[in-house]
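# The following comprises the amino acid sequence and a computationally predicted model.
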Amino acid sequence: MAIKIEDIKRLKNLTGVGLTDAKKALEESKGDFDKALEAMRKKGLTKAEKRGEREARAGVVGTYNHDGRIGVLVEVNCETDFVARNEIFSELVKDISMHIAASAPEYVSIDDVSKSDKDKVHKEFAEKAKSEGKPADMVDKIVDGQVKKYFAERCLLDQPFIKNPDQTVGDLVKEHNAKLGENIVIRRFSRMALGEVN
């Protein structure tokens, strides 16, 4: 069966693989485009998945100062210097810095929360639930939900973005991954507020 060149190009563009791999996938699926795309996805060959595995070593350290009272330093990485100097990337770093100043997150993501911190919060919520007389069989479910919400409010990537609360900061980063065609990672940040002691 003859495979159409348009289908090969379309599959290549959607998955980020070479023309040969796209053609091979279409041949294996006997020209069924949807089956070929599904097979490529299962192999983990879609653009976004591949991007997430690529190393992000370039980038910038962004700064933001709010009225001389709140200062933020944030390291945002990408794959190339070309993107690091791009205006869209610079705007993203600025927005993230402003968000950190306004929302005061404690962690970049849930992966940065230590087990001891998670356990401590879990224990506090469990004791509270028991003291409120919640049914024993429901305590774990209730506590898990409360712990998830507690850390979502404190993890930068899970916080609603200040300029668009319908979107999380994590979604904003993913959107820029797609826009710029590179893996973008918020590596770390530091926030200082006048008179605050950490």
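Structure received.

# Going by neighbour count, which residues of the helix or strand harbouring residue 39 are buried?
Here residue 39, judged by DSSP states H and E, is contained in helix 33-42. For helix 33-42, a neighbour-count test (16 or more other C-beta atoms under 10 Å) marks 33, 36, 37, 39, 40 as buried. Quick note: C-beta positions are derived from backbone N, CA and C, even for glycine.

# Columns pLDDT and distance to residue 135 on top of these, output as CSV?
Formatted as CSV, those follow (pLDDT from 0 to 100; distance: C-beta to C-beta, whole Å):
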residue, pLDDT, distance to residue 135
33, 84, 52
36, 84, 51
37, 77, 47
39, 77, 47
40, 73, 47
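
# now those residues as CSV including distance to residue 79?
As requested, these are exported to CSV (distance: C-beta to C-beta, whole Å):
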residue, distance to residue 79
33, 30
36, 28
37, 25
39, 27
40, 22
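
# from the residues you listed, which single one is nearest residue 25?
Distance to residue 25, by C-beta to C-beta, is smallest for residue 36 among these, at 4.2 Å.

# Verify the contact between that closest one and residue 10 for me.
No. Using C-beta atoms under 8 Å, residue 36 and residue 10 do not qualify as a contacting pair, with a distance of 9.9 Å.

# Okay, strands next: where are they in the chain?
58-66, 70-78, 160-161, 164-168, 185-193 (DSSP state E).

# deepest of those, which one?
Comparing the strands of the chain by mean neighbour count (mean count of other C-beta atoms under 10 Å), strand 70-78 comes out on top with a mean of 20.

# helices or strands next to that strand in the packing?
strand 58-66, helix 87-103, strand 185-193 (3 or more C-beta pairs under 8 Å, 6 or more residues apart in numbering; DSSP states H and E).

# If we use 10 Å, what do you get?
Contacts defined by 3 or more C-beta pairs under 10 Å, 6 or more residues apart in numbering; DSSP states H and E place strand 70-78 against strand 58-66, helix 81-84, helix 87-103, helix 169-180, strand 185-193.

# Columns mean pLDDT and distance to residue 154 on top of these, output as TSV?
Conversion of the helices and strands packed on strand 70-78 to TSV gives the following (pLDDT from 0 to 100; distance: least, C-beta to C-beta, whole Å):
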stretch	mean pLDDT	distance to residue 154
strand 58-66	93	19
helix 81-84	91	28
helix 87-103	96	9
helix 169-180	90	12
strand 185-193	94	12
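
# Which of these sits closest to residue 163?
The nearest among the helices and strands packed on strand 70-78, by C-beta to C-beta, is helix 87-103 at 6.4 Å.
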